[in-house]
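Colleague: Coordinates only, no sequence provided:
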């Protein structure tokens, strides 16, 4: 038998070289299959459609803001909408959402804690 390599770095480099060589050969094989594939059909050309002429844009209406909402809150909402690509002109109203679920949850928790104390 020959000499054995016991250095782990050399073993790692040999193994990585083999792995990447096999991956490179596989990528060449896949490219070759794509070039000679008889079932591949060319993509149909999209028909030309003229864009309709847009009328003059209507003036943007300001959204209805409920009393009690701070201007900083409205600015934060506008910034959040702008970050996802929604124009603030699309907003119709800003108001506090009703959350009866939280009220009911607190009420139920209060009732059950009273029963447990007795």
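Modeller: It's in. Everything numeric in this text was worked out from a predicted model, so none of it was measured.

Colleague: domain assignment for the chain?
Modeller: 1-38, 60-99 (automatic domain parsing).

Colleague: what about the strands in this structure?
Modeller: 64-65, 93-94 (DSSP state E).

Colleague: Please tell me how far the last one is from the chain's geometric centre.
Modeller: Taking the mean of its C-alpha atoms, strand 93-94 sits 25 Å from the chain's own mean (C-alpha atoms, centre = their mean, to the nearest Å).

Colleague: Identify whichever of the strands of the chain lies nearest to residue 113.
Modeller: strand 93-94 (36.0 Å; C-beta to C-beta). Glycine gets a C-beta too; all of them are placed from N, C-alpha and C.

Colleague: Given that closest one, what are its sheet partners and their directions?
Modeller: With DSSP bridges as the test, strand 93-94 is paired with strand 64-65 (parallel).

Colleague: can you give me the mean pLDDT across the partner strand?
Modeller: For strand 64-65, the mean per-residue pLDDT is 76.

Colleague: follow-up on the earlier one: deepest in the core, which of the domains of the chain is it.
Modeller: With neighbours defined as mean count of other C-beta atoms under 10 Å, these peak in mean count at domain 60-99, which reaches a mean of 11.

Colleague: For the strands of the chain, give me TSV that also has distance to residue 79.
Modeller: Listed next are the strands of the chain as TSV, based on distance: least, C-beta to C-beta, whole Å:
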stretch	distance to residue 79
strand 64-65	15
strand 93-94	13
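
Colleague: Please tell me how far the nearest residue in space to residue 73 that is not next to it in sequence sits from residue 72.
Modeller: Computed as C-beta to C-beta, 6 or more residues apart in numbering, the closest residue to residue 73 that is not its neighbour in sequence is residue 94, at 7.9 Å. Distance, residue 94 to residue 72, by C-beta to C-beta, to the nearest Å: 12 Å.

Colleague: cool, and residue 5?
Modeller: For residue 5 relative to residue 72 (C-beta to C-beta), the value is 67 Å.

Colleague: How about residue 23?
Modeller: Counting by C-beta to C-beta, the gap from residue 23 to residue 72 is 54 Å.

Colleague: Alright, calling it a day.
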